[in-house]
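Engineer: Following is a predicted model, sequence given first.
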Amino acid sequence: MSSAPLNLSYDLVLETLGIRPISHFSNSRESLSPQERLKQVQFQAKHFVEDFKMVNQQVQFLQTIDLVSVPYPVKSAFGNATSLINPYLYVTNRLMVVQFSTHAGTKTLLFSPSDLEANIKTPYFQRFRRLMGKLKNTLQPILTPTHNTVEQALESINLKPEDIDFICYDHLHTQDIRKWLGSFEQPAYFPNAKLLVMHQEWEAVKDLLPLQNHWYCPDGVDGIDPNKIIPLHSSIMLGDSLALVHTPGHTQGSQSLVVNTDKGIMVCSQNGISVDNYCPEYSTIYGLADHVLENSMAVIPNGEQPELRLDQYISMILEKTIADPHPDDKRFPYIMPSSELSARWQPFALAPTLSLGEIQMGELIQKASTSTDSEPYSIS
């Protein structure tokens, strides 16, 4: 695949990590016409898929593991597309473990590793705890059940903290990443890991406006060694079987993980919380199909107050274009939300039409013992 003409030292640093920038989506959103931006993104997404499939290398291992189920506003998930008495639905946050081959060796990536104990300090979660009042200690295990911690999930598949090369997220809402990467107060739980993050997201999370604070964990990135951060200035390939594609909208630096699997190309994102967001015309969720028919919409973005709503709509079309048909129902794209709509305690009218749940593909390769990085660098 082609590479973006970026700074040489930046390219060299990425190359040592088995990463290369790609230019497929460069300049695709420059037009002042939203329809033209949409057409350009679709065109470039198709070109990307052609190149991705031509290489046809699949990831060596992929497994998702449930972490926690939490209430989420129906209004945020589906906007005005559905109107029910129940103001909340449930989403289940999952850890994805991916192992893949690069010219720099086999790498292991964690997508959406959530520090459940620290993330609870996010104002959104604190507000929910206040609503529970004095019964929060009794109700929390029932209303926000923990299925696994990240530590338990990795132990269950025999991965050690030093085995992890990269961590990344679709965006940094609710995330406190100091435990994983270390800070002034604590050593890194993953001593060799680096954060892959779009530079727009990294710059924003360090200097938030009050309108953004509700969804971000206070001080969640304070004191992290900048050498642990890989700020991305374009979409990238990790080896030949994995990509991180910039998909702005839910936040300015939102990104989607594109994975070549034995069941087709899968996209992991939080622009939607279910496949119902991506193909609402086939949804069994109350009101969605009628809403998009009446409003000529192709997707329903997730987020009550996204920063770039037009861009999010375009990004969801991009994701649909990249993803193969779902292996269980060809009407839907093969898209896995990082926090997926759950049927937990949901009335039928809010249950997902199709859910991926936990999945596992391939065989995990156990690495030889590794030491922490000895040569710091910064590319910010």
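Structural biologist: Received it, and whenever you're ready, just let me know what you need.

Engineer: Just give the closest residue to G249, not the sequence neighbours.
Structural biologist: Sequence neighbours aside, Q312 is the residue nearest to G249 in space, at 2.3 Å (criterion: CB to CB, 6 or more residues apart in numbering). Backbone N, C-alpha and C define where each C-beta goes, glycine included.

Engineer: and the helix or strand containing that neighbour, average pLDDT?
Structural biologist: Element membership for Q312, per DSSP states H and E: helix 309-322. Averaging pLDDT along helix 309-322 gives 95.

Engineer: cool, and stretch 20-39?
Structural biologist: Stretch 20-39 comes out at a mean pLDDT of 93.

Engineer: again, but for stretch 58-67
Structural biologist: Averaged across stretch 58-67, the pLDDT comes to 97.

Engineer: swap in stretch 341-360?
Structural biologist: Averaging pLDDT along stretch 341-360 yields 82.

Engineer: which residues are in contact with the helix holding Q312?
Structural biologist: 25, 29, 34, 37-38, 41-42, 45-46, 48-49, 245, 247-250, 254, 256, 258, 265, 267, 269, 271-272, 277-279, 298-299, 301, 303, 306, 333, 335 (CB atoms under 8 Å, 6 or more residues apart in numbering).

Engineer: Which parts of the stretch 51-200 of the chain are strands?
Structural biologist: Listed in chain order, the strands of the stretch 51-200 of the chain (DSSP state E, counting those that start in this stretch) span residues 61-73, 88-102, 105-111, 166-168, 194-198.

Engineer: Could you dump those strands into a markdown table with distance to P145 and mean neighbour count added?
Structural biologist: As requested, the strands of the stretch 51-200 of the chain are exported to a markdown table (distance: least, CB to CB, whole Å; neighbours: other CB atoms under 10 Å):
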| stretch | distance to P145 | mean neighbour count |
| --- | --- | --- |
| strand 61-73 | 5 | 20 |
| strand 88-102 | 9 | 23 |
| strand 105-111 | 21 | 20 |
| strand 166-168 | 24 | 23 |
| strand 194-198 | 28 | 23 |
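
Engineer: could those go into TSV alongside distance to L154?
Structural biologist: Supplementary listing: the strands of the stretch 51-200 of the chain in TSV, determined by distance: least, CB to CB, whole Å:
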stretch	distance to L154
strand 61-73	9
strand 88-102	7
strand 105-111	8
strand 166-168	12
strand 194-198	17
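
Engineer: low pLDDT regions in the stretch 51-200 of the chain?
Structural biologist: Applying pLDDT under 70 to the stretch 51-200 of the chain flags the ranges 128-129, 131-142.

Engineer: and the gap between the residue nearest to G249 and S234?
Structural biologist: Going from Q312 to S234 by CB to CB, to the nearest Å gives 19 Å.

Engineer: ok, now F52?
Structural biologist: Distance from F52 to S234, by CB to CB: 16 Å.

Engineer: before we move on, what about N213?
Structural biologist: 29 Å.

Engineer: same deal with A153?
Structural biologist: As judged by CB to CB, A153 and S234 stand 31 Å apart.

Engineer: Compare N213 and S234 (neighbour count), which wins?
Structural biologist: Neighbour count, other CB atoms under 10 Å: between N213 and S234, S234 has more, with 21 against 13.

Engineer: Report pLDDT for that one.
Structural biologist: Here, the pLDDT recorded for S234 equals 94.

Engineer: Quick one: the helices in the stretch 251-380 of the chain, in order.
Structural biologist: For the stretch 251-380 of the chain, applying DSSP state H, counting those that start in this stretch gives helices covering 275-278, 288-295, 309-322.

Engineer: For I164, which of these is the nearest?
Structural biologist: helix 309-322 (25.6 Å; CB to CB).

Engineer: Report the buried residues of the closest one.
Structural biologist: Neighbour counts using 16 or more other CB atoms under 10 Å place 311-322 of helix 309-322 among the buried residues.

Engineer: What distance do you get for the residue lying closest to S269 once chain neighbours are set aside to K75?
Structural biologist: What sits nearest to S269 in space, not counting adjacent residues and going by CB to CB, 6+ apart, is S256, at 4.2 Å. From S256 over to K75 the distance is 23 Å, taken as CB to CB.

Engineer: What is the neighbour count of S156?
Structural biologist: Using other CB under 10 Å: S156 sits among 11 other residues.

Engineer: which residues sit in contact with it?
Structural biologist: Contact partners of S156, counting by CB under 8 Å, 6+ apart, are 65, 148.

Engineer: Show the pLDDT at L293.
Structural biologist: L293 is assigned a pLDDT of 96 by the prediction.

Engineer: Can you show me the helices along the stretch 51-200 of the chain?
Structural biologist: Going by DSSP H, counting those that start in this stretch, the stretch 51-200 of the chain shows helices at 74-78, 116-119, 123-132, 136-143, 150-156, 178-181, 199-205.

Engineer: can you put the ones you listed in CSV and add distance to G223?
Structural biologist: Compiled in CSV, those are given as follows (distance: least, CB to CB, whole Å):
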stretch, distance to G223
helix 74-78, 30
helix 116-119, 13
helix 123-132, 20
helix 136-143, 28
helix 150-156, 20
helix 178-181, 7
helix 199-205, 14
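
Engineer: Which among those is found nearest to D170?
Structural biologist: helix 199-205 (9.6 Å).

Engineer: What is the closest one packed up against?
Structural biologist: Here helix 199-205 touches strand 229-232, going by 3 or more CB pairs under 8 Å, 6 or more residues apart in numbering; DSSP states H and E.

Engineer: Mind giving me the packing neighbours of the strand it packs on?
Structural biologist: For strand 229-232, the elements it packs on are strand 194-198, helix 199-205, judged by 3+ CB pairs under 8 Å, 6+ apart.

Engineer: Of these, which is nearest N86?
Structural biologist: Short answer: helix 199-205, nearest of the helices and strands packed on strand 229-232 by CB to CB, at 31.6 Å.
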